[in-house]
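[1] What follows is a predicted protein model with its sequence.
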Amino acid sequence: SHDIEYTNSFNIFGASSGAGSWSDDDFTSSSVGTGNAGPDESFLRRGAQVFATREPVLSKSECESLIREAQKAIAAGSGAKLEVDLSRKDWERTNSDIGEARLSGLPPDTLNRLRSILNDRLYPMLESRYGVPDLTAYDGLILGSIAPSQSQPVHRDASLLTLNIPLSDSHDYTGGGTYIEGISELDTPLVIERGHVLCHASGVMHAGNAIKTGERWVLVIFCIARDEPQIARRCHAGGLAAFDDDNLEGAFEYFEAGLSVAPGDHLLHMGAGRVQHAWGKSSASFKSLKAAADLYLLDQRAQIALGDALMAQKRPRAALRRFDKALSAIGDRDLLDGAWMPLKALTWNARVSAATCALLCAEAEAEKSKKDMGWSRSRLPEAVGRLSTALRPCPDNGYIQSMRERAVELLRSAE
Ligand SMILES: O=C(O)CCC(=O)C(=O)O
Ligand SMILES: [Fe+2]
């Protein structure tokens, strides 16, 4: 399927032939950290690096004309997806989204213009950044959203390298930009200017961020390379599709095949864990989740899922260790201005779960030994603090309030 995709794409969009005259000075860059850029990172030079151009690469009028073409295609229905794209089909969309135009549905003269932009500017740029020859644009989208919109789920793209080019002036919207997991301490979305190019390994975990006001259009182009069939990425997609079809055996085979070429890929471990869970093999599923949590430290979801699983097994102390680990890795980044909303939600839950575990342990201790409640003395203050933090966005939450009251009460009697 790689060869078929490559040939089809080559026929429409041509392919790269050299790195042109791009140099490091043309870009700002930052790293998501070695090992965090997906299963094909090692095929790329500087695969964990995310680059943004210092100057626009598409002119204002090029950007405006692409928006107009996309609007026309969306209105005519010709930009609609022709086939179900498995990597995107379960994404939620809100009514507020204007829609998206597939590049393949745009008129031939627009495609020809895009082809020359790719050949003259964008392919050489990618080749200069990542050292990969024979790139072609497998697919692309012009996405439009109108406020208030929802953020995309954090995801990988179904390609090797991704180009992301805002077509709207950044004054036309607030919020927006692209969230790139691990790119900075602050974990806030990257907003780049119209016509500038952001590029990254498609395996970097990322998402389009919700806009609060206005309208935002962005062109994303997904590139593949002739000599890199991306077996692990394809196995992951195949596994998810089989899982959706309730074909658990098939799904597991796909994930295992993926892991045989990319043993360090956290998403493949998560996939295997989902199948094992569905099979009721809880210790195998636990092991897969643990592998995922240990392999990819930028996302605490696996760690927190381990905590939830331990809670369900009525092991609050072991669960608390997982929540502690996750919360210390997050380090209150969720409380910063402009923090990524899903991180806020995840961390809020983790704080409440951690406090729940601490309360369960303290209750048990109070029941067992009325005399020395050493554990409660040392751990309850933190639980009270976590509940206070959780109350900040919802001070009237009676459930959290009563938990905090109980924690304070237990702490008093422990002291
Ligand atoms: O909206 C953005 O900046 C990112 C879009 C994206 O990642 C995608 O559509 O795959
Ligand atoms: Fe994406």
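    Received it, and whenever you're ready, just let me know what you need. Ligands and ions are numbered 1, 2, ... in the order given.

[2] Please report how far the most far-flung residue of the chain relative to its centre lies from ligand 1.
    In the chain, residue 371 marks the outermost C-alpha relative to the chain mean, sitting 48.7 Å out by Cα atoms, centre = their mean. Residue 371 sits 58 Å away from ligand 1, going by Cβ to the nearest ligand atom, to the nearest Å. Using the backbone N, CA and C atoms, a C-beta is placed for each residue, glycine as well.

[3] and that residue, which of the three is it?
    coil (DSSP: H, G, I helix; E, B strand; the rest coil).

[4] Return the residues in contact with residue 178.
    For residue 178, the contact set (Cβ atoms under 8 Å, 6 or more residues apart in numbering) comprises 164, 189-192, 198, 206-209.

[5] Out of the residues you listed, which is nearest to residue 354?
    Nearest to residue 354, judged by Cβ to Cβ, of the contacts of residue 178 is residue 207 at 25.8 Å.

[6] Any idea how many residues pack against the closest one?
    18 (other Cβ atoms under 10 Å).

[7] Also near ligand 1: which of the contacts of residue 178, exactly?
    Among these, proximity to ligand 1 is found for 164, 206, 208 (Cβ under 6 Å from any ligand atom).

[8] export the contacts of residue 178 to CSV and tack on secondary structure, distance to residue 127 and pLDDT?
    Shown next, in CSV, are the contacts of residue 178 (DSSP: H, G, I helix; E, B strand; the rest coil; distance: Cβ to Cβ, whole Å; pLDDT from 0 to 100):
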residue, secondary structure, distance to residue 127, pLDDT
164, strand, 17, 98
189, coil, 27, 90
190, strand, 23, 93
191, coil, 26, 94
192, coil, 21, 95
198, strand, 17, 98
206, strand, 21, 95
207, strand, 26, 93
208, strand, 25, 93
209, coil, 28, 92
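
[9] Dump those into JSON lines; add distance to residue 388 as well.
    Putting the contacts of residue 178 into JSON lines (distance: Cβ to Cβ, whole Å) gives the following:
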{"residue": "164", "distance to residue 388": "39"}
{"residue": "189", "distance to residue 388": "28"}
{"residue": "190", "distance to residue 388": "32"}
{"residue": "191", "distance to residue 388": "32"}
{"residue": "192", "distance to residue 388": "37"}
{"residue": "198", "distance to residue 388": "38"}
{"residue": "206", "distance to residue 388": "33"}
{"residue": "207", "distance to residue 388": "30"}
{"residue": "208", "distance to residue 388": "33"}
{"residue": "209", "distance to residue 388": "28"}
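
[10] What about the ones next to ligand 1 among the contacts of residue 178, which one has the most neighbours?
    residue 206 (27 neighbours).

[11] Touching, that residue and residue 177? I think so.
    No. The pair residue 206 / residue 177 is not scored as a contact, 10.6 Å apart, by Cβ atoms under 8 Å.

[12] The lowest-mean-pLDDT helix or strand in the chain pairs with which strands?
    The least trusted helix or strand in the chain, going by mean pLDDT, DSSP states H and E, turns out to be strand 97-102, with a mean of 81. Paired neighbours of strand 97-102 in the sheet (DSSP bridges): strand 135-146 (antiparallel).

[13] would residue 224 count as being in a helix?
    No. Judged by three-state DSSP, residue 224 forms no part of a helix; its state is strand.

[14] who touches the closest residue to it other than its chain neighbours in this structure?
    Leaving aside its sequence neighbours, residue 224 sits nearest to residue 138 (Cβ to Cβ, 6 or more residues apart in numbering; 4.5 Å). By Cβ under 8 Å, 6+ apart, the contact set of residue 138 is 5-6, 9, 158-159, 222-224.

[15] Fine by me, we can end here.
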